[in-house]
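Asks: what follows is a predicted structure for the sequence shown.
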Amino acid sequence: MSERKIRVLVAKPGLDGHDRGAKVVARALRDAGMEVIYTGLRQTPEMIAEAALQEDVDAVGLSILSGAHMALVPRILKLLKANGQEHVKVFIGGIIPDEDIPRLQEMGVAGVYGPGTLTEEIIQNIRQAVLGESVP
């Protein structure tokens, strides 16, 4: 494993108030040796992009259960790009319909995870996307 610590911002955009999954993933990433910044509930895209810039993160993990992913994600990606953070990898977890996944990936989302996804899969995908480490 690389000596460099991956910095991940975990955020809950929108009005969804359920954050158990985000907290489980945040803890798993921390346990895997990543630095995790958890922004808490009800974050705007602007708040998330600003936090990503201020914290100099490698990745942003979004937990979206509200169905607003097709409105929130493009805005967050646009703001990251405006901040010169095209290198920041964006991952989404939550309730994402299968038909939306290809569109999200075309926008630049590095990974989409539904309920029941193993945290080890998320960890390996982040390492691969950020560091280029191969998945064992």
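Replies: Looks like it arrived, so ask away. What you see is a predicted model; the values in this text were computed from it and never measured.
Asks: for the record, mean pLDDT for stretch 117-127?
Replies: Summarised as a single mean, pLDDT over stretch 117-127 is 97.
Asks: buried ones in it?
Replies: 119, 122-127 (16 or more other CB atoms under 10 Å). For every residue, glycine as well, the C-beta is placed using N, CA and C.
Asks: can I get those residues in a markdown table with secondary structure and distance to R7?
Replies: Formatted as a markdown table, the buried residues of stretch 117-127 follow (DSSP: H, G, I helix; E, B strand; the rest coil; distance: CB to CB, whole Å):
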| residue | secondary structure | distance to R7 |
| --- | --- | --- |
| T119 | helix | 18 |
| I122 | helix | 15 |
| I123 | helix | 14 |
| Q124 | helix | 17 |
| N125 | helix | 16 |
| I126 | helix | 11 |
| R127 | helix | 13 |
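Asks: kindly export the helix or strand hosting E120 (C-alpha atoms) in PDB.
Replies: Using DSSP states H and E, E120 sits in helix 119-131. What follows is helix 119-131, C-alpha atoms only, in PDB (Å, rounded to 0.1, in the frame of the first residue of the first chain):
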ATOM      1  CA  THR A 119     -17.100  -1.300   2.100                       C
ATOM      2  CA  GLU A 120     -14.000  -3.200   0.900                       C
ATOM      3  CA  GLU A 121     -15.200  -2.700  -2.700                       C
ATOM      4  CA  ILE A 122     -15.500   1.100  -2.100                       C
ATOM      5  CA  ILE A 123     -12.000   1.200  -0.400                       C
ATOM      6  CA  GLN A 124     -10.400  -0.600  -3.300                       C
ATOM      7  CA  ASN A 125     -12.100   1.500  -5.900                       C
ATOM      8  CA  ILE A 126     -11.000   4.700  -4.300                       C
ATOM      9  CA  ARG A 127      -7.400   3.500  -4.000                       C
ATOM     10  CA  GLN A 128      -7.500   2.500  -7.700                       C
ATOM     11  CA  ALA A 129      -9.000   5.800  -8.800                       C
ATOM     12  CA  VAL A 130      -6.800   8.000  -6.700                       C
ATOM     13  CA  LEU A 131      -3.500   6.100  -6.600                       C
END
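Asks: fine by me, thanks again.
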